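A.B. asks: Quick one: sequence plus predicted model below, questions after.
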Amino acid sequence: GMVSNWTKIPPPLFKKVVIVLIDALRDDFVFGSKGKQFMPYTTQVVEKGTSYSFIAEAKPPTVTMPRIKALMTGSIPGFIDVVVNLNSPALLDDNLIWQAKTAGKRIIFYGDDTWVKLFPKHFVEYDGTTSFFVSDFTEVDDNVTRHLDRVLKREDWDLLILHYLGLDHIGHMTGPNSPLVGPKLREMDNILKKIHVSLLSKEEASLPNLLVVCGDHGMSETGSHGGSSEGEVHTPLLFISSAFGKRSAPLAQPHHVQQTDLASTLAIGLGLPISRNSVGNLILPVVGGKTMREQLRFVHLNGFQLSRLLQENTPAYEKDPGYEHFKIAEKSHGNWIKLYLEGNNSEILLNLGKKVLKQYLEALKTLSSSLSKQVAQYDMYSMMVGTVIIMEVLILLLLSVPKALSRQAEFEVPLSPPLFSLLFYLMCLMLCAVHVIVCTSAESLCYFCSMSWLTAAGVMMLISALMCGILSAIAKILENYRLPSKNPVASSYNWSEIDVLILAGTIGHVLSLGASSFIEEEHQTWYFLINTLCLVLCQELCRNNFLLKECDLQHSTSVKQNFDSIRESSECKNIDIPAASNSKLGKATSSSEFVKGSDKWISLATPWIILICCRLLRSLNQTGVQWAHRPDFGHWLTSVESESTQVFQVTSEMMVSPQSVLICVLFLPSCKTFLLRSLNFIRSLVGNFSRLSRAFESQQTHLLGITEARFVYVFVLGIVFTGTKDLLKSQVVSADSSTKSTGLWEVYSGLVLLAALLFRPHNLPVLVFCLLIQTMMTKYIWIPLKFDAAQITIMHYWFGQAFFYFQGNSNGIATVDISAGFVGLDSYVEIPAIFLTAFATYAGPFLWAIHLLCYLSSEVSR
């Protein structure tokens, strides 16, 4: 009639809706070759059935909880949700689940318990399963499927949500190319077939039912997720219903939509209000079977909701292009309604309706884009104030390092003169003036501007005081440097090439972190630095071996004899080579006095051997962003298509039986050298891990190897406890440096054993090369060349950072291997899982840091 009813909620388009969310479902698992091979029913429905298929693009971070929020609210979550993902609180934003419950719809849920945490008391029936125990591939899905037959026969529900986790767990443990992916996809295909057939059999003529199949995120080539690679952000989105017409032509490449569009589309389909903070657009083909008036009404509701959201968040919303387009489309819609009410059913009305629909869609796209960009707008003024304070404190700490490391271990910052200086008050007045100008001219709200003026003045005084303190400290340091400058002996220190490289490389790396591209590809910086370091070390070794004077050559012979005698005595006392150096020997010889013979040629070859090892490790794992998708040696080792995995396993079998890892640990303390005992238990663990790799194929991974891993944990704790006891003994009972050094090496041995247990089989060469490089650097470079503690510390830091990336890690959370947190666990235990995952991720830097402590304790006499 003539009375407008646009403010009323439209009636629902579907009676029952089933949402099947398959965790980590990539688009190529459905639309690619794997979909045709393992999901035949779904492929048939997509290509020839009554369905609409899309590729939904998820925004990073691509982890489960933020993606569920995006699907149900239509908003774009922030990166803080990565942390909240570990323990999800109740979702307080307007969302589809709350709207459905308010409308009286009965909702049933089975699957990931993240939903239960986000939407407490929203489901009339639910059964949650933990999502963090990634070793479980079958039971986590069986607990969902076992309810299906009973629920599908019932009529007392309107919305059914199923969240399957098995595919995501397989990806974390074995990657997207695992032989377990195919059977899991086939299992999902059978479940979708069962649901679809049941919905069709219970369908009424008045309202059809709807089946929605989607993924919260995809997975990378390593099986992880959280980043922004194509495999992680592209997920399939299927709408299957008898309300859609059968496809006449073969399916072309699915169109791309945003993952946030699902919330608006389901709200229209269920006859619910669109969530208040949704930035999604209505997916028009889902309502394409309705009349033109209904379609225009649906897109108008979506545009009205987006325009209201824009008004709430943007003061100058009237100048926004999306808002202007929406008003134009709304005016054209009014003209179309007039023609429609006049009874004009000509082709002109149809063409005008299509034109208005196109205007609406353009307006929706522009509005959604404007709102999405606002999510990426940050409170720059507050961030700059915080950054200035942090940088001032950092500079003050850096200025205090020389004094703090001196014998007095003190650093005094004269605060009284700066607080009563003219500069302090001038800075306070200037900063307060800047604060007033910024806060009175800002168009959007600012956290720092919302503080009281008294608090803001206190912050400005703090910034001014810190700046004056820094200037005063710098003036004092310069004044102290002027006094000894008259002494020619004190100022005769010469910088070597090693010193220049260490200083320039460290400062250059810090400066490179100012660009996002260098952060994404930080591994390239470290690879370049350690390669350059090896070349400079080679030059230093050549200089000390071939540019010796005649007198130095004679003296080096006696040095060699002393060095050999020290080595023999260290072997008798079961002390590692680094602990065998003598302070008197170091004082009597210079860095140019070097050992001749075989050790000389091994030392000359050491930098080149390290370069070869680093080059092999670079090829083991591709990391970063730009080239992470390229195949690497690790993928070839774990590839199902190649025979490398079988060769790797057979070789591991020939090395040692799996039980020998425990025997090796029992006799670990009696081995003569650290390298020898490290290689012993690594060979043992390779055999043990090969069996675990084959256990994946039988889908019994979470049942095999748990007992053995727990035995290793017990022995690791025993070794660490023994080392800790020696450390306490050296500190409390007697100040014995050799006991302290032995304790540190025992702790280090236990941690290396733990790393070998947690590493994936193809990553064990990283640990082997780590031990090899540490041993060669210690014996053939650091001790002979007599590097000081600062130089050796920086070298350890560089190699530790490089080995972090050799493991396959990056600065993105997608490369975190959470499967390491479940080695030896048969259920999810939060604290051990977090500790093991963190240790496995940062094993490279951690082992090099512990090795630094061991080496410095061995060289305490220097």
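C.D. replies: That came in fine, so what should we check first? Here the structure is a predicted model, which means the values were calculated and not measured.
A.B. asks: mind listing the helices for the stretch 501-650 of the chain?
C.D. replies: Remark: helices assigned in the stretch 501-650 of the chain by DSSP state H, counting those that start in this stretch are 516-520, 522-546, 550-572, 583-588, 598-620, 633-638, 644-655.
A.B. asks: Lowest average pLDDT across those?
C.D. replies: Mean pLDDT values for the helices of the stretch 501-650 of the chain show the minimum at helix 583-588, a mean of 38.
A.B. asks: roughly how far out does stretch 818-826 sit from the chain middle?
C.D. replies: 18 Å (CA atoms, centre = their mean, to the nearest Å).
A.B. asks: Contacts for that stretch, please.
C.D. replies: Here stretch 818-826 makes contact (CB atoms under 8 Å, 6 or more residues apart in numbering) with 132-135, 172-173, 224, 702-703, 705-706, 709-710, 712-713, 757-760, 828, 832-837, 839-841. (Each C-beta comes from the backbone N, C-alpha and C, glycine too.)
A.B. asks: Select only the buried ones of those residues in ChimeraX?
C.D. replies: Selecting the buried subset of the contacts of stretch 818-826 in ChimeraX, with 16 or more other CB atoms under 10 Å as the burial test, is done by:
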select :132,133,134,135,172,173,224,702,705,706,709,712,713,757,758,759,760,828,833,836,837,839,840,841
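A.B. asks: Out of the contacts of stretch 818-826, list just those in helices.
C.D. replies: 172-173, 706, 709-710, 712-713, 757-758, 832-837, 839-841 (DSSP state H).
A.B. asks: which intervals of the stretch 101-250 of the chain have sub-threshold pLDDT?
C.D. replies: 248-250 (pLDDT under 70).
A.B. asks: can you map out the strands along it?
C.D. replies: Taking DSSP state E, counting those that start in this stretch as the criterion, the stretch 101-250 of the chain contains strands spanning 107-112, 125-129, 159-164, 210-214, 234-240.
A.B. asks: will you turn those strands into JSON lines that also has mean neighbour count and distance to residue 606?
C.D. replies: Putting these into JSON lines (neighbours: other CB atoms under 10 Å; distance: least, CB to CB, whole Å) gives the following:
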{"stretch": "strand 107-112", "mean neighbour count": "24", "distance to residue 606": "51"}
{"stretch": "strand 125-129", "mean neighbour count": "17", "distance to residue 606": "53"}
{"stretch": "strand 159-164", "mean neighbour count": "24", "distance to residue 606": "52"}
{"stretch": "strand 210-214", "mean neighbour count": "23", "distance to residue 606": "55"}
{"stretch": "strand 234-240", "mean neighbour count": "25", "distance to residue 606": "47"}
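A.B. asks: what about the strands in the stretch 351-500 of the chain?
C.D. replies: For the stretch 351-500 of the chain, no strands are identified by DSSP E, counting those that start in this stretch.
A.B. asks: how about low-confidence regions in it?
C.D. replies: Looking at the stretch 351-500 of the chain by pLDDT under 70, you get 375-377, 404-420, 442-445, 483-494.
A.B. asks: quick one: which of the strands of the stretch 101-250 of the chain is nearest residue 455?
C.D. replies: Residue 455 sits nearest to strand 107-112 of all the strands of the stretch 101-250 of the chain, at 42.5 Å, using CB to CB.
A.B. asks: helices or strands up against that closest one?
C.D. replies: For strand 107-112, the packing partners by 3 or more CB pairs under 8 Å, 6 or more residues apart in numbering; DSSP states H and E come out as helix 96-102, strand 125-129, helix 139-145, strand 159-164.
A.B. asks: Let me have those in TSV, adding distance to residue 462 as columns.
C.D. replies: Output for the helices and strands packed on strand 107-112, formatted as TSV (distance: least, CB to CB, whole Å):
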stretch	distance to residue 462
helix 96-102	43
strand 125-129	47
helix 139-145	51
strand 159-164	48
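A.B. asks: can you tell which of these is closest to residue 817?
C.D. replies: Closest approach to residue 817 among the helices and strands packed on strand 107-112 is made by helix 139-145 (19.0 Å; CB to CB).
A.B. asks: what's near enough to touch the residue nearest to residue 200 when sequence neighbours are not counted?
C.D. replies: The shortest distance from residue 200 to any residue other than its chain neighbours is 6.5 Å, reached at residue 242 (CB to CB, 6 or more residues apart in numbering). By CB under 8 Å, 6+ apart, the residues touching residue 242 are 50, 200, 203, 208-209.
A.B. asks: do that again at 10 Å, thanks
C.D. replies: Neighbouring residues of residue 242 by CB atoms under 10 Å, 6 or more residues apart in numbering: 49-50, 196, 199-200, 203, 208-210.
A.B. asks: Specify which member of those residues is nearest to residue 402.
C.D. replies: After measuring those against residue 402 - CB to CB - the closest member comes out as residue 210, at 70.0 Å.
A.B. asks: Tell me the backbone dihedrals of the closest residue to the closest one other than its chain neighbours, please.
C.D. replies: Distances taken as CB to CB, 6+ apart place residue 14 nearest to residue 210, at 4.1 Å, with adjacent residues excluded. Main-chain torsions, residue 14, degrees, to the nearest 10: phi -130, psi 150.
A.B. asks: Hmm, residue 14 is touching residue 158, no?
C.D. replies: Yes - between residue 14 and residue 158 there is a contact under CB atoms under 10 Å: 9.4 Å.
A.B. asks: Quick check: neighbours shared by the two?
C.D. replies: residue 270.
A.B. asks: more neighbours, those two?
C.D. replies: Remark: of residue 14 and residue 158, residue 14 carries more neighbours, 23 against 19, as counted by other CB atoms under 10 Å.
A.B. asks: The more buried one and residue 21: what is the separation?
C.D. replies: Look at residue 14 and residue 21: by CB to CB, to the nearest Å, they are 18 Å apart.
A.B. asks: Same check on residue 763?
C.D. replies: Distance of residue 763 to residue 21, given as CB to CB: 32 Å.
A.B. asks: Can you classify residue 53 as helix, strand or coil?
C.D. replies: Three-state assignment for residue 53 (DSSP: H, G, I helix; E, B strand; the rest coil): strand.
A.B. asks: what's the residue nearest to it when sequence neighbours are not counted in contact with, if anything?
C.D. replies: In space, and not counting its chain neighbours, residue 53 is closest to residue 254: 4.6 Å by CB to CB, 6+ apart. If you count contacts by CB under 10 Å, 6+ apart, residue 254 has them with 27, 30-31, 46, 52-56, 234, 236-238.
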